[in-house]
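Chemist: Predicted model and sequence below, questions to follow.
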Amino acid sequence: MRIRSEFEAETPPSLTPLIDMVFLLLIFFLVATTFSQEEREIGVQLPGTAAVQPLSAVPQQLIVNILQDGTMKVAGQTIKGKELSALLARTARDEPNRSLLIRADLRSLHKYFAGVASMARKCGINPLKIGYIAERPVPMKP
């Protein structure tokens, strides 16, 4: 057993590694949050639903945003019908397991959504997903 001297002072533990780890985690979460917000167009208002289905990670899929006037955007770039068809065909050929998410504005006409969905099916993209906002479920009255 070690006998401590009265003159020995205990050195406090070093907090430097802990502080470094906290800052690295902070930077990681800030960057990850930025990537998850990349495809969200500010002008698109999605319709709501009562079903709640939280996402555990950012999905790996091709995202097509349809604005109110029918303008289509992919990765922040405005794209026309023939260009979108070529992009969908290329995606189906090169990445057969990649799904398609269509985020249509609530105020847009259904024909714009139907056109993109039809184009995706013709190109062979499967599965096709629809973007919406999950709302709180309303209890049914007996």
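Modeler: Thanks, I have it. Residues are numbered from 1 along each chain as shown.
Chemist: in the protein, which spans are strands?
Modeler: 48-49, 61-66, 72-74, 77-79, 99-104, 128-130, 133-134 (DSSP state E).
Chemist: and the last one, how far from the chain's centre?
Modeler: Yep, that's strand 133-134 we're talking about. 13 Å (Cα atoms, centre = their mean, to the nearest Å).
Chemist: How about stretch 67-77?
Modeler: Going by Cα atoms, centre = their mean, where stretch 67-77 is centred and where its chain is centred differ by 16 Å.
Chemist: Check stretch 19-36 too.
Modeler: On Cα atoms, centre = their mean, the centre of stretch 19-36 falls 17 Å from that of its chain.
Chemist: thinking again about what came up before, between the strands of the chain, which one is closest to R121.
Modeler: For the strands of the chain, the distance to R121 is smallest for strand 128-130, at 7.1 Å, taking Cβ to Cβ. C-betas here are computed from N, CA, C, even on glycine.
Chemist: Let me see the mean pLDDT of the closest one.
Modeler: If you average the pLDDT over strand 128-130, you get 80.
Chemist: partners of it, with directions?
Modeler: strand 99-104 (parallel) (DSSP bridges).
Chemist: Can you check what angle separates the partner strand from strand 61-66?
Modeler: 20 degrees (axes from the mean of the first three to the mean of the last three Cα atoms, to 10 degrees).
Chemist: contact partners of strand 99-104?
Modeler: Residues outside strand 99-104 that contact it (Cβ atoms under 8 Å, 6 or more residues apart in numbering) are 39, 41, 44, 46, 59, 61-66, 88, 91, 112-113, 116-117, 120, 125-131.
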